[in-house]
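In: here you go, sequence then predicted model.
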Amino acid sequence: MLEAPRRSQVFNLPIDLSDDYVSWVRSLWQQNRGAHVVTLNSEMVMQAERDPQLAATIQQAELVIPDGAGVVFYLRLRQQHQQRCPGIELASALLAAAAQLNLHEPIAFYGGAPGVAEQAARSWQAQFPSLRLLTFHGYLNPEATEALQQTFKAEQPRLIFVGLGVPRQEFWIAQHRHLCPQAIWIGVGGSFDIWAGVKTRAPVWWCEHNLEWLYRLYQEPWRWRRMLVLPQFALRALVSTHTPNRYSAGDPPA
Ligand code: UDP
């Protein structure tokens with residue numbers, strides 16, 4: 001029997017601890033249990049602190065995984081040893097699992113500049129020809145957005161990746177998940193750009209040394225202002241180490 005993730009906290013946000021998120025999400029989708037999966041990093045935690053609507057959306061998600069090294073650092077300070085699970089890796093593993101399962105329903109990619117989701121889909125289809133992928137770029141006009149919603153209703157994709165950036169993708173999922181209640185909805189940020197080859201992920205060495213953020217800064221220097229929150233997060237994580245959590249791992253939130 002697969003063990004459910006244990007719910008803990010990062011400041012006032014939930015985080016689910018597990019050794020195997022892929023199997024857990026697979027089991028949710030095989031039981032037709034729809035879910036919103038949030039891939040939490042420290043930038044998002046700090047953003048949610050200033051944005052109560054984002055905090056509430058994260059609190060309502062069925063699964064919150066530790067996408068970033070900062071979140072893992074926060075947990076380690078509290079003796080909770082959890083491996084990082086970057087959202088793009090979870091999404092890739094789920095696509096491979098879907099290909100194995102020979103799903104009848106399609107998988108949807110929504111987001112990115114025009115052409116990017118299509119290019120990402122082509123690259124996945126070259127690897128797994130059995131996958132049926134629906135693609136939509138992230139700058140649709142109102143009529144095309146309406147058409148996307150009609151397609152979702154009619155086709156009932158089982159996996160829906162939304163890459164509109166934070167917090168837009170989280171809000172979009174929360175507002176539209178009723179269209180496909182049995183789907184697994186994941187906010188995947190810039191994953192389509194990486195799958196399409198428009199951007200590259202930090203090489204392994206950078207990731208292993210918790211420097212993925214620095215590589216991103218080098219690729220996208222305009223991020224410097226957004227990244228000023230990272231040292232703030234680390235400092236607050238250290239300072240608050242002795243403040244007990246509202247509830248401990250394993251207990252559901254009140
Ligand atoms: N994006 C989009 N529609 C928008 C704004 C952004 O599709 O209206 C896409 C953008 O093209 C990029 C992704 O959202 O592919 C955001 O990627 P980023 O890596 O900035 O995500 P974050 O850091 O917020 O997770």
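Out: Received it, and whenever you're ready, just let me know what you need. Numbers count the residues shown, from 1 in each chain.
In: dump the residue contacts of the residue of the chain found nearest the ligand.
Out: The nearest approach of the chain to the ligand comes at Gly138, 1.8 Å away (CB to the nearest ligand atom). C-beta coordinates here come from the backbone N, C-alpha and C atoms, glycine included. Listed by CB atoms under 8 Å, 6 or more residues apart in numbering, the contact set of Gly138 reads 110-113, 117, 163-164.
In: which pair in the residues you listed has the greatest spatial separation?
Out: Tyr110 and Ala113 (12.6 Å; CB to CB).
In: more crowded one of the two?
Out: Tyr110 (27 against 14; other CB atoms under 10 Å).
In: I'd say that one and Arg168 touch.
Out: No - judged on CB atoms under 8 Å, Tyr110 makes no contact with Arg168 at a distance of 11.1 Å.
In: does the ligand sit close to the helix or strand of the chain with the lowest mean pLDDT?
Out: Counting by mean pLDDT, DSSP states H and E, the chain has its least confident helix or strand at helix 224-227, which shows a mean of 84. No - residues of helix 224-227 contacting the ligand under CB under 6 Å from any ligand atom: none, with a closest distance of 7.9 Å.
In: what's the first helix or strand after that helix?
Out: helix 229-239 (DSSP states H and E).
In: how much space between Gln119 and Val198?
Out: Separation of Gln119 from Val198 (CB to CB, to the nearest Å): 8 Å.
In: with Thr241 instead?
Out: Relative to Val198, and taking CB to CB, Thr241 is found at 39 Å.
In: neighbour-wise, which of the two wins?
Out: Val198 (15 against 11).
In: hmm, that one is touching Val116, no?
Out: Yes - with contact defined as CB under 8 Å, Val198 counts as touching Val116 (5.9 Å).
In: isn't Leu63 up against Val25?
Out: Yes - the pair Leu63 / Val25 is scored as a contact, 7.0 Å apart, by CB under 8 Å.
In: list residues touching both of the two?
Out: 35, 37.
In: I appreciate the help and will end here.
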